[in-house]
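In: Predicted model, plus sequence, below.
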Amino acid sequence: MKARHQLRDAVDLLYSRGCATAEPYTRLVLECVRADDVSQAKRLQSHMDLHLFQPTKTFLHNRILQLYAKSGNLGDARDLFDKMPKKDVYSWNAMLSAYAKSGSVEELGTIFDQMPSRDLVSYNTVIAGATANGCWGKAFEVFVKMQEEGFEPSEHTFVSVLKACTRLLGFRLGKQIHGRVVVGNMEGNVFLWNALIDMYAKCGDIDRARWLFDWLVGKNAVSWNLIISGYLKNGQPEKCIDLFHEMQSSGLKPDQVTVSNILRAYFQSGNIVEARKVFDEIREKDKICWTTMIVGYAQNGREEDALILFGEMLLENVRPDSFTISSVVSSCAKLSSLYYGQVVHGKAVHMGVADQLLVSSALVDMYCKCGVTADAWVVFTLMPFRNVVSWNAMITGYAQNGKDLEALALYENMLQENIVPNNVTFIGVLSACVHANLIERGQKYFDSISERSGMEPTMDHYACMVCLLGHSGYINKAVDLIRSMPHEPNSLIWSTLLSVCAMTGDIEHGEMAARHLFELEPLGAEPYIMLSNMYATCGRWKDVACMRSLMKDRNVKKFAAYSWIEIDNEVHKFASEDRTHPEAKEIYEELNTLIRKLQETGFTPDTKLVLHDVGEEEKFESICYHSEKLALAFGLTKKPHGSIPIRIIKNIRVCGDCHEFMKLVSQATGRLIILRDSKRFHHFIDGHCSCKNCW
């Protein structure tokens, strides 16, 4: 800072004295370069222009040009370059550097073509600039031209070209460059060697990358980071962890990039506890480490931990970026936590990132998954730019929330905007057709997949069509569609058919679907439970016992059904007939009161849905105290009045009796009840549900 003050005072003195000679100009320009002070360099240039000083050589102007280029002052650099009476190759190279730094690749090429003569620096600058700005084809083009004009590539040239190979996954070309490196006896350069390791790792030849790494003398932190990230990219997290321990043993201190990669490796291998240990041991955590940990939690079903960690990140005054925010928003979506989603939305607005594509798309998805499509639509309409992910979030959100016609209308708008639909788009569109029972329209959309997107229908699309045909009563057509598929049906297809058969009571086709699932996923509980439930519905208790015995013999674990409700920013979890909640007494009193009131209006709990061979009284007790009913009763005890919806999440499909119960409660209380189960959203209001034909 002191040097800058002295430099400014010296330039002030120059202005007070008027005209100057080459000697003080040269001394002060060099001081500007040493201090990296662009503002004083501009003052010196203005002083020279004011007094019509023209250097006899290019040295002074070239130093100022290089300073402008280094600081990214493209306009000032171009202005000085155009004024220069004399230009040499250094002048042109400085302009190449300025355009490369600004990302203006087209102008970079123009300047390069206009050069009266070029040197190795000229070629290296253009190749590096094109590579850094994603124009990898241009980099190779100049690389070839360089050799045609007789210039021998340097180590810097090869590093840039190898980076281009890595980006293009140009494995064959990368191997040729490797050969040139060996022939040129440049194997001792650690930067060049690192570029080779990175190229092989990212092009999928991790064994060759490891061979190079093991032979490299003088490994630096970058070398370790590249091979660790290479193993991570190639799906070998255990190797990453082993290398991390080797790196520590070598005496080289891991940096933030190393730690971020190791955190990802632990998460990829499912070792969340070790990831947290490594994270807690970091004294100075940067934004990347915090974000890696938050994303890791979110991707491993630890959404609540992700939200807690985000709060800690803010308390540590670490500023999150759009990627961090979008990950936290996605965690709120998975939890259906509207309150925390709104809080994070507010934080995104405050930070000025709410309209960034990654964040706004996540917000649309979050509001839809919290059942608030109106707020999702507001975010969607305010987006300055939308891509296919944004459109998909809104289309799928509408379909999940019973706004099927709105979803299909939005899809037509998407096509008018010339956005090419993808796999997810058609899942949303076909799901809307399933919920709205639009057979012909669904078939039309299914048939248009190849034409619209350029891809063949996936298993997900076939599953949607099986669901559509089956729910519409065309179970034989659904089976024919499965048999005509170009690929062998997977568990998703058979699971969908089994679910449809369970809904329609088609035991024959249900047994067929279950048999396929027993072969594909012998330890999956779903086919055993669904088939057992179908037998129980028909009173075939011997078959029910057979299924349960089969599950026991094969050690198939049945997953428990739970429901969640968020009250005053706290999540409460319930199981069927759960009495562990601290306010269980009040909950059961409220629920029993509701049941009595509904019985007075003619409602009778459907004990036929109790799939156990027990007495009628036990069936009544079982059906009345399902987890979602307990969650609803708790919500009504805590929020007996007001217009705020009661929001419930269930990890499996809501049963028919609970579905009817929710409808009647919404009518009796005048409250909006939003239930999100494993299949979709149910908006209960005034005795009706948004799912229309679900039951």
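Out: In hand now; what should we look at?
In: what residue ranges in the protein are flagged as low confidence?
Out: Per-residue confidence for the chain (pLDDT under 70) gives these ranges: 1-2, 187-188, 605-622, 692-695.
In: Need the residue closest to the centroid of it.
Out: Ser327 (7.0 Å; C-alpha atoms, centre = their mean).
In: Just give me the neighbour total for Asp49.
Out: Neighbours of Asp49 under the rule other C-beta atoms under 10 Å: 12. No exception for glycine: its C-beta is placed from N, CA and C like everyone else's.
In: With adjacent residues omitted, what lies nearest to it?
Out: Setting aside the residues directly before and after it, Asp49 is nearest to Lys83 in space (C-beta to C-beta, 6 or more residues apart in numbering), at 7.7 Å.
In: Dihedrals phi and psi, that neighbour?
Out: phi -80, psi -20 (degrees, to the nearest 10).
In: could you measure it against Val190, distance?
Out: Distance of Lys83 to Val190, computed by C-beta to C-beta, to the nearest Å: 42 Å.
In: Also Asp12?
Out: From Asp12 to Val190 the distance is 46 Å (C-beta to C-beta).
In: ok, the two, which is more surrounded?
Out: Val190 (14 against 11).
In: Can you tell me the SS state at the closest residue to the more buried one other than its chain neighbours?
Out: Closest residue in space to Val190, ignoring its immediate chain neighbours: Gly218 at 5.5 Å, by C-beta to C-beta, 6+ apart. For Gly218, the assignment made with DSSP: H, G, I helix; E, B strand; the rest coil gives coil.
In: Run a quick neighbour tally on the residue nearest to Asp49.
Out: Neighbours of Lys83 under the rule other C-beta under 10 Å: 12.
In: residues in contact with the residue nearest to the centre of the chain?
Out: Applying C-beta atoms under 8 Å, 6 or more residues apart in numbering, we find Ser327 in contact with 291, 294-295, 298, 306, 362.
In: swap in Met199?
Out: Shown in contact with Met199 (C-beta under 8 Å, 6+ apart): 162-163, 165-166, 174, 177-178.
In: top of those by neighbour count?
Out: Neighbour-wise, the contacts of Met199 (other C-beta under 10 Å) top out at Cys165, 29 neighbours.
In: In terms of helices and strands, where is that residue?
Out: helix 155-168 (DSSP states H and E).
In: Quick check: which helices or strands does that helix pack against?
Out: helix 120-132, helix 136-148, helix 171-183, helix 190-202 (3 or more C-beta pairs under 8 Å, 6 or more residues apart in numbering; DSSP states H and E).
In: Give me the distance between the residue nearest to Asp49 and Val89.
Out: Distance from Lys83 to Val89, by C-beta to C-beta: 18 Å.
In: Take the contacts of Met199 and write them to CSV, including distance to Gly341.
Out: Converted to CSV, these look like this (distance: C-beta to C-beta, whole Å):
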residue, distance to Gly341
Leu162, 44
Lys163, 39
Cys165, 43
Thr166, 38
Gly174, 45
Ile177, 49
His178, 50
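In: Strands along the protein, start to end?
Out: Counting by DSSP state E, the segments of the chain that form strands are 562-567, 570-575, 646-650, 673-676, 681-685, 688-689.
In: Which strands and helices lie in contact with the third one?
Out: What it means is strand 646-650. For strand 646-650, the elements it packs on are strand 562-567, helix 627-638, strand 673-676, judged by 3+ C-beta pairs under 8 Å, 6+ apart.
In: Partner strands of it, with direction?
Out: Strand 646-650 has these partner strands in its sheet, going by DSSP bridges: strand 562-567 (antiparallel), strand 673-676 (parallel).
In: Likewise for the shortest one?
Out: Strand pairing for strand 688-689, determined by DSSP bridges: strand 681-685 (antiparallel).
In: Now the strand it pairs with: buried residues?
Out: For strand 681-685, the buried set under the neighbour-count rule, 16 or more other C-beta atoms under 10 Å, comprises 681-685.
In: which one of these is nearest Pro421?
Out: Distances from Pro421 to these, taken as C-beta to C-beta, are shortest for Phe681 (22.6 Å).
In: so what's the closest one closest to, chain neighbours aside?
Out: Asn401 (4.6 Å).
In: which residues sit in contact with that neighbour?
Out: Asn401 makes contact with 368, 371, 373, 680-681, 683, 690, according to C-beta under 8 Å, 6+ apart.
In: For the helices and strands packed on strand 646-650, give me CSV that also has distance to Glu274.
Out: Converted to CSV, these look like this (distance: least, C-beta to C-beta, whole Å):
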stretch, distance to Glu274
strand 562-567, 28
helix 627-638, 34
strand 673-676, 33
